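A.B. asks: Just a sequence and a predicted model for now, questions to come.
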Amino acid sequence: MCCLYAAGCSTSLSNNRALFKPTETLGYVEGRSDEIKNLYWAQRNMALKDPEPQLKRKLTEVVVPAHYDSDGQLIEAHREVIEVVQ
């Protein structure tokens, strides 16, 4: 907010005109000012959106039955905790 009080830092149209060359037409300067405002609002709206919808996450314990792995080793029955996303 301190930028608004500094000299030449305001984004008003009159100050934007002072930043551009006198050879640029007024419509061009106003168009650039509008584009800066549009960019600001687009970035702000993107930041406000949820990056991912509200997903329900929970941990669930499952029983893994005894089985043989690919090397022929017996894996005993055990419990594992997995994350479930809905």
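C.D. replies: The structure has been received and is ready for your questions. Everything quoted here is computed from the prediction, not taken from an experiment.

A.B. asks: List the contacts of stretch 48-59.
C.D. replies: Stretch 48-59 is contacted by residues 81-86 when judged by C-beta atoms under 8 Å, 6 or more residues apart in numbering. Every residue, glycine included, has its C-beta placed from N, CA and C.

A.B. asks: Could you tell me the end-to-end distance of stretch 58-77?
C.D. replies: By C-alpha to C-alpha, to the nearest Å, the extent of stretch 58-77 from end to end equals 23 Å.

A.B. asks: re earlier: tell me the one of the contacts of stretch 48-59 nearest residue 44?
C.D. replies: residue 85 (29.2 Å; C-beta to C-beta).

A.B. asks: ok, the closest one - contacts?
C.D. replies: The neighbours of residue 85, taking C-beta under 8 Å, 6+ apart as the test, are 55-57.

A.B. asks: hang on, the earlier thing: dump the contacts of stretch 48-59 to TSV, plus pLDDT, distance to residue 41 and secondary structure.
C.D. replies: Shown next, in TSV, are the contacts of stretch 48-59 (pLDDT from 0 to 100; distance: C-beta to C-beta, whole Å; DSSP: H, G, I helix; E, B strand; the rest coil):
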residue	pLDDT	distance to residue 41	secondary structure
81	92	44	strand
82	92	42	strand
83	92	37	strand
84	92	38	strand
85	89	33	strand
86	85	34	coil
